[in-house]
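Chemist: sequence and predicted structure are below.
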Amino acid sequence: MSRFLTRFAPSPTGRLHLGHAFSALTAFDAARDAGGTCLLRIEDIDTTRCRPEFEEAIFEDLAWLGCDWPKPVRRQSAHFPEYARVLDRLADKGLVYRCFKTRKEIAEEIARAPHQVGEGPDGAIYPGPAEPLSAGEEAARMEAGEAFSWRLSVKACRDHLGEGFDGLNFVEEGSGPDGETGLVKARPETLGDVILGRKDVGTSYHLACVHDDGLQGVTHVIRGQDLFFATHLHVLLQALLGLPRPVYRHHRLLVGEDGKRFAKRDKSLTLQALREAGRTAAEVRAMAGL
C-alpha cells in the first residue's frame, strides 16, 4: 500500500464547532482506513485573531473526539522567516509584484472594468494593473512607508511556465461544488492576481499552506468544498515552487437548519458546548453524519 499522509489544519480564532468536527473526523478516518497518518497543523498566521487559549481548545476538543496525531505540531506563526524566503524565490523570478492599491481603490478599478470579474477565494478578483509601476514610483512609495501587498502575477506565471501553465491539473477524489471530480483542469487565471503576502504579514494562507503541505510530505489534502477553487491557485504555486502535487478530496459542508454553513459564531454548536450539554463523542460523530 502506498504511503498516505493527510492533515487537519485549523486556525485558532475561536472554538471548534460541529462543522470542524466533521472535517477533522473525515481526515482522521481517511488516514486510519488507509493505514496512514493524519497530521495536525496550527494555521495561525493571523496574529490579530489567533489566540493561545483557542489553540489549547483545539487540542482538547480533538482528543475528546478520539483523534491522535504525531508530535510536535507545526505552528505556522513560528515560521514567518521561512515563508519570507519562499516569497523571495518568487520575487527573484519576477512572478510577484508590490501592489499599493487599497481595497477601495481596487473595488473602484474593478467597477470600471468592461466585464464583471466576479469573486474569488479572497473576495473580488483583481485582474492586475493595466500598467506596472515604474521603478522610480515604486521606490518613492517604499521610501514613504506606504502599505503594500505582494500579488502573484498570472501573466508572469503564464510566461514562466509556457505550455505547462495550460497543462496544470489535479486529481479530485471527492467533489467540487459543481460536481467536479476525477482529473480537473486547473484554471488559476480565473482567480486573478491573488495576494501572497503583505508588508506587515509576510505570507498568506495560500503560500503557507502550499509550502507546508510540500514540506510535510502531505499526499492527500482533505478539506471542505469552500476551498475547492483555491486548489486552482495551489496547483500553480506547486508548479512554480517545484513541489509535489497531492491528491485532493473536497467534502461537503455541514449546514444548519437555516441552510447556512456552521461558523465559529454558532456558540451553541461548539464542541465545548456540546460536551458540556452531556453529548458524547460518539453522539457528536452521529450528529455530523459519520
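Modeler: Sure, I can see it. Residues are numbered from 1 along each chain as shown.
Chemist: pull out the buried residues from stretch 238-253.
Modeler: Residues of stretch 238-253 classed as buried: 238-240, 243, 245-251 (neighbour count, 16 or more other CB atoms under 10 Å). From N, CA and C alone the C-beta is placed, and that goes for glycine too.
Chemist: show me where pLDDT drops low in the stretch 51-200 of the chain?
Modeler: Within the stretch 51-200 of the chain, the stretches with pLDDT under 70 are 113-124.
Chemist: circling back: wait, which of the buried residues of stretch 238-253 is closest to R7?
Modeler: Using CB to CB, P246 comes nearest to R7 of those, at 9.7 Å.
Chemist: and the closest residue to the closest one other than its chain neighbours, what does it touch?
Modeler: Distances taken as CB to CB, 6 or more residues apart in numbering place V221 nearest to P246, at 4.7 Å, with adjacent residues excluded. Contacts of V221 were listed using CB atoms under 8 Å, 6 or more residues apart in numbering, and they are 6-7, 213, 231, 246-249.
Chemist: tell me the phi and psi of V221?
Modeler: phi -100, psi 120 (degrees, to the nearest 10).
Chemist: which residues in this structure form helices?
Modeler: 18-33, 52-65, 80-92, 103-111, 135-143, 154-161, 163-166, 205-216, 230-241, 271-276, 281-287 (DSSP state H).
Chemist: in JSON lines: those helices, plus distance to E43.
Modeler: Below are those laid out as JSON lines (distance: least, CB to CB, whole Å):
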{"stretch": "helix 18-33", "distance to E43": "13"}
{"stretch": "helix 52-65", "distance to E43": "11"}
{"stretch": "helix 80-92", "distance to E43": "12"}
{"stretch": "helix 103-111", "distance to E43": "23"}
{"stretch": "helix 135-143", "distance to E43": "29"}
{"stretch": "helix 154-161", "distance to E43": "24"}
{"stretch": "helix 163-166", "distance to E43": "28"}
{"stretch": "helix 205-216", "distance to E43": "7"}
{"stretch": "helix 230-241", "distance to E43": "13"}
{"stretch": "helix 271-276", "distance to E43": "18"}
{"stretch": "helix 281-287", "distance to E43": "23"}
